[in-house]
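In: Got a sequence here, can you model it:
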Amino acid sequence: MTAPVRKIGANPWIWHSPVGQAALAEVLPRLAGWGFDCVELPLEQAADWEPAAAVKLLEAAGLRPAAVIAVMPPDRNLVRASGETVRATQDYLRRCVDAAHAISAPVVAGPVYTAVGRTWRMDRCEREAAYEEWRGNIAPVVEYAQRAGVRIGVEPLNRYETSLFNTVGQTLEGLDGLPAQGIGIALDTYHQNIEEHSLPAAVRAAAGRIAHVQVCANDRGAPGSDHLDWSGFLDALDDVDFHGPLCIESFTAHNETIAVAASVWRPLAPTQDTIATAGLGFLRRLLAARS
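Out: Sure thing, here's the model as predicted:
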């Protein structure tokens, strides 16, 4: 049986942060004109964009929503945090679920456990306790998401951005006992390249739990302008029967907060447009050669 044609998406963070209504109105038609199929919609704050208006923009551009991307700044934590912080973080994640449901996005993806950049040392017992605490705090969000027909995608980050979930193996351990239909793993080639011994092996280890996939070069630039084993990566996705979209995620250097958080210290391509268009061209050629 021939696998479904794989869709390709992009994230407006390539150009803008935060991503508001005006940014969507500017970016979505350009993505469609270049030939993208879908788009991720970051939601840094619950009021950044209005779902009904976003739906109209998506429909006008002919793009599908691939995911709502959750953001974890210093005040959002589900582990080693006060009850007030945990409740506020849960409420924010529920608003992400509401937005995803309203625009018909299947997934809310991101590092939905602790603030990006927050790290601490843990021995084995402390790590197990942290995972248990996280499971208890994310479970109500997962239940809420399931009722809305939305799946949560937990994104493991590299060691410089978190110490909780760095690898697929650790994330699977954390997910143990949570319903696979409600919560899975959001893979990101940038972080996998740092933390995994093999991108294809990590994908195969995540079989049955992959909720979303983000792609970029090893330096956060355009896919294909790098050393990653893209053919092996796609082989592994096919082997585990994941045929969801590949979404190019990179970041603008024009917003100091996100540039520092993502360690974007230099241009990653001649222009930000190049990250999207060169990445799209590479992925289209690679997929066409496999069909």
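
In: Would you state the strands of the stretch 51-200 of the chain in chain order?
Out: 64-70, 107-110, 151-154, 183-188 (DSSP state E, counting those that start in this stretch).

In: contact partners of the first one?
Out: By C-beta atoms under 8 Å, 6 or more residues apart in numbering, the surrounding residues in contact with strand 64-70 are 7, 9, 11, 37-43, 54, 58, 92-93, 96-97, 99-100, 103-112, 153, 186, 212, 244-245, 247. Where C-beta positions appear, they are placed from N, C-alpha and C, glycine not excepted.

In: just how off-centre is it within its chain?
Out: 8 Å (C-alpha atoms, centre = their mean, to the nearest Å).

In: same check, this time on stretch 52-70
Out: Centroid separation between stretch 52-70 and its chain, computed with C-alpha atoms, centre = their mean, is 16 Å.

In: Reformat the strands of the stretch 51-200 of the chain as TSV; add mean neighbour count.
Out: Shown next, in TSV, are these (neighbours: other C-beta atoms under 10 Å):
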stretch	mean neighbour count
strand 64-70	26
strand 107-110	28
strand 151-154	26
strand 183-188	26
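
In: so can I have CSV of those strands showing distance to Val141 and mean pLDDT?
Out: Conversion of these to CSV gives the following (distance: least, C-beta to C-beta, whole Å; pLDDT from 0 to 100):
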stretch, distance to Val141, mean pLDDT
strand 64-70, 10, 98
strand 107-110, 9, 98
strand 151-154, 7, 99
strand 183-188, 9, 98
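
In: want to throw these into CSV with distance to Thr171?
Out: Listed next are the strands of the stretch 51-200 of the chain as CSV, based on distance: least, C-beta to C-beta, whole Å:
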stretch, distance to Thr171
strand 64-70, 15
strand 107-110, 12
strand 151-154, 6
strand 183-188, 5
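
In: thinking again about what came up before, separate out the buried members of the contacts of strand 64-70.
Out: 7, 9, 11, 37-43, 54, 58, 92-93, 96-97, 99-100, 103, 105-112, 153, 186, 212, 244-245, 247 (16 or more other C-beta atoms under 10 Å).

In: Now intersect those with the helices, please.
Out: Taking DSSP state H as the definition of helices, these contribute 54, 58, 92-93, 96-97, 99-100, 103.

In: want to throw these into JSON lines with pLDDT and distance to Ala269?
Out: Listed next are those as JSON lines, based on pLDDT from 0 to 100; distance: C-beta to C-beta, whole Å:
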{"residue": "Ala54", "pLDDT": "98", "distance to Ala269": "27"}
{"residue": "Leu58", "pLDDT": "98", "distance to Ala269": "26"}
{"residue": "Tyr92", "pLDDT": "98", "distance to Ala269": "32"}
{"residue": "Leu93", "pLDDT": "98", "distance to Ala269": "32"}
{"residue": "Cys96", "pLDDT": "98", "distance to Ala269": "29"}
{"residue": "Val97", "pLDDT": "98", "distance to Ala269": "33"}
{"residue": "Ala99", "pLDDT": "98", "distance to Ala269": "30"}
{"residue": "Ala100", "pLDDT": "98", "distance to Ala269": "29"}
{"residue": "Ile103", "pLDDT": "98", "distance to Ala269": "29"}
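
In: who's in contact with the spatially closest residue to Glu155 that is not a sequence neighbour?
Out: Counting by C-beta to C-beta, 6 or more residues apart in numbering, Glu155 lies nearest to Ala186, which is 4.1 Å off, once chain neighbours are set aside. Each residue near Ala186 by C-beta under 8 Å, 6+ apart is listed here: 67, 107, 109-110, 153-155, 211-214.

In: Out of those, which is nearest to Leu178?
Out: Among the contacts of Ala186, Val154 lies closest to Leu178 (C-beta to C-beta), at 9.2 Å.

In: contacting residues for the closest one?
Out: By C-beta under 8 Å, 6+ apart, the neighbours of Val154 are 109, 111-113, 165, 171, 174-175, 183-186, 211.
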